[in-house]
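Visitor: coords please:
(2 chains)
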Amino acid sequence: MSHTEESLQNLLRDGTRATTDDVDQLVSGLGPHVAARALGPPPRKLSRMGWMAGGVLAIAAGALVVVWTTPPPEAVPLDAAWTAQDGLTVHTLAQGVEVSIDGSGTLGGTSRHPEVAWSRGSISVAVVPGAVDGLTVSTPEARVQITGTEFIVARDALGTHVTVARGSVDVTCGEASTQAVKAGAPPALCLPQTAGGLLGRAQALYDAQAAPTDITASLSAALEYQPSNALTVEILATRALTLQRTNDLDGAWAATMEALPLAKGFRQDDLNRLALSIATSREDCTGIATFLDTIPTEDALAVQARAVCATFEGPQ
Amino acid sequence: MTVHTTDLRTLPVQAAWADVLRRDRFALDALCRQWMPTVLQWCRRLGGPSVDAEAAAQEDLIVMLDRLDRIDGPEVVQSWLFSATRRILSQHRRRAWFRRWLPGASVDQVASATNPERRSSAREALTEVQDIVSRLPPRLAEVWVLVQVEARTVPEVVELTGVPEGTLRTRLRRARHLVLTEARARGLVDTDHSEVS
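Guide: Here you go, the predicted structure:
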């Protein structure tokens, strides 16, 4: 059956509509949560000191904004948002400053010092020496500043890549010290600066079948950000999958056991399954016995696990 | 002994905010009942077939109950919930990634190969559309769903998402183009249907 755009929209609208039964069932499931929060503590109010501190901070921030955003007399303010709608496009930001864009970001600053906040995709910048006082391209992980050069900033799940075609640029990754990247040098890579970003990098590396050491390094870096329990579970589980893929079954088992106590109530089923799978690969009948009851008897993994122990224990 | 029961469905849908802030049991329940349909639909439409929309919607409302004191008033509940839905769906997508690799786990995957027999039913076509939307960049998907599917006005979506109107219109154009292109590639839409205007 062939559709139109409108019929696809109708299909999604009608097929996903929440029925009264859906709502009844889900709200009823929330009952214990509602009861637990009913007549709980009153909302927190900001103390007098808090208001004063907030006021001082706001005034300080306002002053900084005034200082930082005041353009030099001859500069023209720049303000634009780019999205990845038309593929590659070329823009002249000021006399002697040309950018080729294939992705999304925003433009600010002035014509004397354009400032690009880049979110995703690739931006190539060519600046005639002396054309501007400076030009900055920032991503969540990196800050690239130039005076006269040609370079490309590309951002994806792996991080921000900076390649210089002519001249040199100063690249600052997060809080690290600034490094100069010259034309012809290998691209600089700024890794994501959040636990979630590093987990995303690890998962992208996993999908790309990258070296396990790179994946686990990204996951270890993610853990250093002291992520929430939920994110820690995802990180440890991804580490377990990675180690299992490389046949480091002891490491995979250890990561899974570390994740399990944190996963109570939301990821336990998945981790039980992972633990059973690793125990089966390790031919660990004690581990299998611990987790065998957590999945349905007829599940293929359960059948496989029982077969492993039957092989070792022989017919009963 | 007489037991008094209250049918929560008879309570007024519009929860009084003062009662909500007092953590009145019925007001909290009415608040959940008021917003559950909207949140559940967002989760179903934006999460895609691999996300458990019901679990995500419940999680969303639990987060709201925990953070009521951070919501500035009833008029901003919707935009607050929309932001929370974004975050929660992002977490659920991560979980879906994990499940994709989990040994022997069932994975809701939609084959992208064209097979007219597979989508003979509306259910299969719906799964295909959900899959197409879930593969869009999230910022494009949400604009497409809010404007094209939920028929919200642009100013309403601007308020809901905090995205400037110009950016929103650009995203919408891009999203419509991508949805149609992918739907054509999957054989859901004839190639002679008009392009996004």
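Visitor: so which residue of chain B comes closest to chain A?
Guide: Using C-beta to the nearest C-beta, residue B:69 is the residue of chain B that sits closest to chain A, at 3.3 Å. C-betas here are computed from N, CA, C, even on glycine.
Visitor: Give the burial count for the residue of the stretch 151-300 of chain A found nearest chain B, as a bare number.
Guide: Using C-beta to the nearest C-beta, the closest approach of the stretch 151-300 of chain A to chain B is made by residue A:277 at 3.8 Å. Residue A:277 has 24 neighbours, counted by other C-beta atoms under 10 Å in any protein chain shown.
Visitor: hang on, it packs against residue A:245?
Guide: No. Using C-beta atoms under 8 Å, residue A:277 makes no contact with residue A:245, being 11.6 Å away.
Visitor: Mind listing residues that contact stretch A:211-220?
Guide: Residues outside stretch A:211-220 that contact it (C-beta atoms under 8 Å, 6 or more residues apart in numbering or on different chains) are A:191, A:198-199, A:201-202, A:205-206, A:235-236, A:238-239, A:242-243, A:245-246, A:248.
Visitor: Give me the neighbour count for the nearest residue to the residue of the stretch 151-300 of chain A closest to chain B once chain neighbours are set aside.
Guide: Once flanking residues are discounted, residue A:277 sits nearest to residue B:103: 3.8 Å by C-beta to C-beta, 6 or more residues apart in numbering or on different chains. By other C-beta under 10 Å, the residues close to residue B:103 number 16.
Visitor: mind checking pLDDT for residue B:103?
Guide: If you check residue B:103, the pLDDT there is 70.
Visitor: Next up, the contacts around it.
Guide: Contacts for residue B:103 (C-beta under 8 Å, 6+ apart) come out as A:273-274, A:277, A:301.
Visitor: Then residue B:61?
Guide: A:30, B:32, B:35-36, B:39.
Visitor: could you say which helix or strand contains it?
Guide: helix B:53-66 (DSSP states H and E).
Visitor: and what of residue A:162?
Guide: Residue A:162 belongs to strand A:159-166, assigned by DSSP H and E.
Visitor: What are the contacting residues of whatever helix or strand comes next after that strand?
Guide: Using DSSP H and E, the next helix or strand after strand A:159-166 towards the C-terminus is strand A:168-173. With contact meaning C-beta under 8 Å, 6+ apart, strand A:168-173 is reached by A:141-146, A:149, A:151, A:160, A:162, A:178-183, A:188, A:190-191.
Visitor: Please pick the buried ones from those residues.
Guide: With burial judged by 16 or more other C-beta atoms under 10 Å in any protein chain shown, the buried subset of the contacts of strand A:168-173 is A:141-146, A:149, A:151, A:160, A:162, A:181, A:188, A:190-191.
Visitor: pull the helix or strand with minimum mean pLDDT from chain A.
Guide: helix A:48-69 (a mean of 49; mean pLDDT, DSSP states H and E).
Visitor: Which SSE is immediately downstream of that helix?
Guide: Per DSSP H and E, the first helix or strand lying C-terminal to helix A:48-69 is strand A:80-82.
Visitor: quick one: contacts of that next one?
Guide: With contacts defined as C-beta under 8 Å, 6+ apart, strand A:80-82 is touched by A:89, A:91, A:101, A:103-107, B:164, B:166-167, B:170.
Visitor: Next: stretch A:27-41.
Guide: Against stretch A:27-41 from outside (C-beta under 8 Å, 6+ apart): B:8, B:22-25, B:28-29, B:32-33, B:36, B:58, B:61-62, B:65-66.
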